[in-house]
Every structure is written in C-alpha cells, then in structure tokens.
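Asker: My questions concern the predicted model and sequence given below.
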Amino acid sequence: MTTTFFLVRHAAHDNVGRFLAGRAGGVALSEPGRAQARRLGSRMAREDFAAIYTSPRERAQQTASAIAAANSRAPVRTADELDEVDFGHWSGKTFDVLDGDPRWRRWNSLRSVARTPGGETMLDVQQRAFAFVEALAAEPGDRRLVLVSHADVIKAVVSHVLGLPADAWPRFDVAPASVTTVVVGDWGAKLLTLNEIVP
C-alpha cells in the first residue's frame, strides 16, 4: 500500500516577500499568481490523482481550484491540517516591523522551540501536517493525492520525511506554485522530488 503526495505550495499573491500573510484574511492570488496556478493545473494534468486537499486560506483555495479546473474529475476538499502556520499576532505585519522584534529573530533561528506570539511552534505544525499525511496514507489502496498548502507547512513535512530537525528549514526552498513529491507506505516515507518549479 503506497500513497503518493504532491505537496503544492499555493501560487503567488501580490505581497509575497513584503509582509507575513499568515492566516490574515483577504490574501488572494495576484494576476501573475493566477497565471502560475493555471500553469500548475496543466502540469498536474499529467498526473493521475484521486483528490485535492487544500488549506482553507484563499490563496490555497484558488490554487486548488485551478488544478481542479484542469483535472475535472478530482474533488477538492478543505483540510485545516494544511493551514498556514498560526503566526498569532505577527500575521499581517511587514517584515520591516518583524525584523525589529527579538522574538521574530528567535523564531527564525530556533523554530524547534520558539513559539509565535499567540500561535504555534514548528513542531506543532509538523505534527498536525504529518499526522494528516499518515491518516490519508493509512486508507486502503494505492493512491495519488494533491495537497495544496504553504511553504513552512511543506518544509515541516519534508523535514520529517528526511529526518531533519525543524531548524533545518532555511536549507531548502519551497517556491510559490512548486510541486514536492513524497511517497508514504507501511515501510516508511521518502522524498521523490523537491521544489519542482512549474515554468
């Protein structure tokens, strides 16, 4: 019994790199992001997958919808386990503001133990995301599933699969509209591709 997971980071929104979107509302795909999502849908049409699970964030939902539009038989389901990191009071703040906060600096150097103000640790994120992957993998039969989520959530899953500490997050990238492929079975889990960027 083997389940293949296509871990897809949502496409770009207007403020990637300018502020911490987190769980702030109203963060939708930009026009270039919508074009990325359409290309991602075309890329994913090459795969035979059974369903799409997506974070509840608008940008992830829009990305999942674009994949579904190119793959009409795949249902889309929302999964809170794939939600963005709960950054608590940091959500919506610019990186200029965050850079002046010593807690932000600690978070970025020791994510394994640091907690966001009023939010989660990376170990919390890793536990909820990978538990969801394991639950899906435990369902009978060989399946292929698309999981649309966020960079840090995907990094947490990949770090777990590779046996890396949560603090290893800056050692690899997960770009907007990228695909990372993980296979999970009763024998364990392995990484097949990382950060495949759709042209």
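Answerer: On my side now, so go ahead.
Asker: From here on, just use CA atoms for contacts and neighbour counts.
Answerer: OK.
Asker: quick one: the closest residue to R128 other than its chain neighbours from V153, how far?
Answerer: Closest residue to R128 apart from its sequence neighbours, by C-alpha to C-alpha, 6 or more residues apart in numbering: E81 at 5.6 Å. According to C-alpha to C-alpha, to the nearest Å, E81 stands 9 Å off from V153.
Asker: and the two? which has more neighbours close in?
Answerer: Neighbours were counted for E81 and for V153 using other C-alpha atoms under 10 Å; V153 has more, 25 against 22.
Asker: which ones are touching the more buried one?
Answerer: The neighbourhood of V153, defined by C-alpha atoms under 8 Å, 6 or more residues apart in numbering, consists of 82-85, 125-126, 129.
Asker: For the helix or strand that it is a member of, list the C-alpha coordinates in CSV.
Answerer: According to DSSP states H and E, V153 maps onto helix 151-162. Extracted C-alpha coordinates of helix 151-162, given in CSV (Å, rounded to 0.1, in the frame of the first residue of the first chain):
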residue,chain,number,x,y,z
ALA,A,151,5.9,26.9,2.3
ASP,A,152,6.6,26.3,6.0
VAL,A,153,4.0,23.5,6.2
ILE,A,154,5.5,21.7,3.3
LYS,A,155,9.0,22.2,4.7
ALA,A,156,7.8,20.7,8.0
VAL,A,157,6.6,17.6,6.2
VAL,A,158,9.8,17.3,4.1
SER,A,159,12.0,17.7,7.2
HIS,A,160,10.1,15.0,9.0
VAL,A,161,10.4,12.6,6.0
LEU,A,162,14.2,13.3,5.7
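Asker: Now do the helices in this structure.
Answerer: For the chain, applying DSSP state H gives helices covering 31-44, 58-70, 95-99, 102-109, 122-137, 151-162.
Asker: Relative to F19, which of those is closest?
Answerer: For F19, the closest of the helices of the chain is helix 95-99, at 5.3 Å, according to C-alpha to C-alpha.
Asker: can you pull the contacts of G22?
Answerer: Shown in contact with G22 (C-alpha under 8 Å, 6+ apart): 84-87, 90-92.
Asker: Excluding covalently adjacent residues, which one is nearest to it?
Answerer: Sequence neighbours aside, S91 is the residue nearest to G22 in space, at 4.9 Å (criterion: C-alpha to C-alpha, 6+ apart).
Asker: correct me, but the one you found touches L20?
Answerer: Yes. Here S91 reaches L20: they are 5.6 Å apart, a contact under C-alpha atoms under 8 Å.
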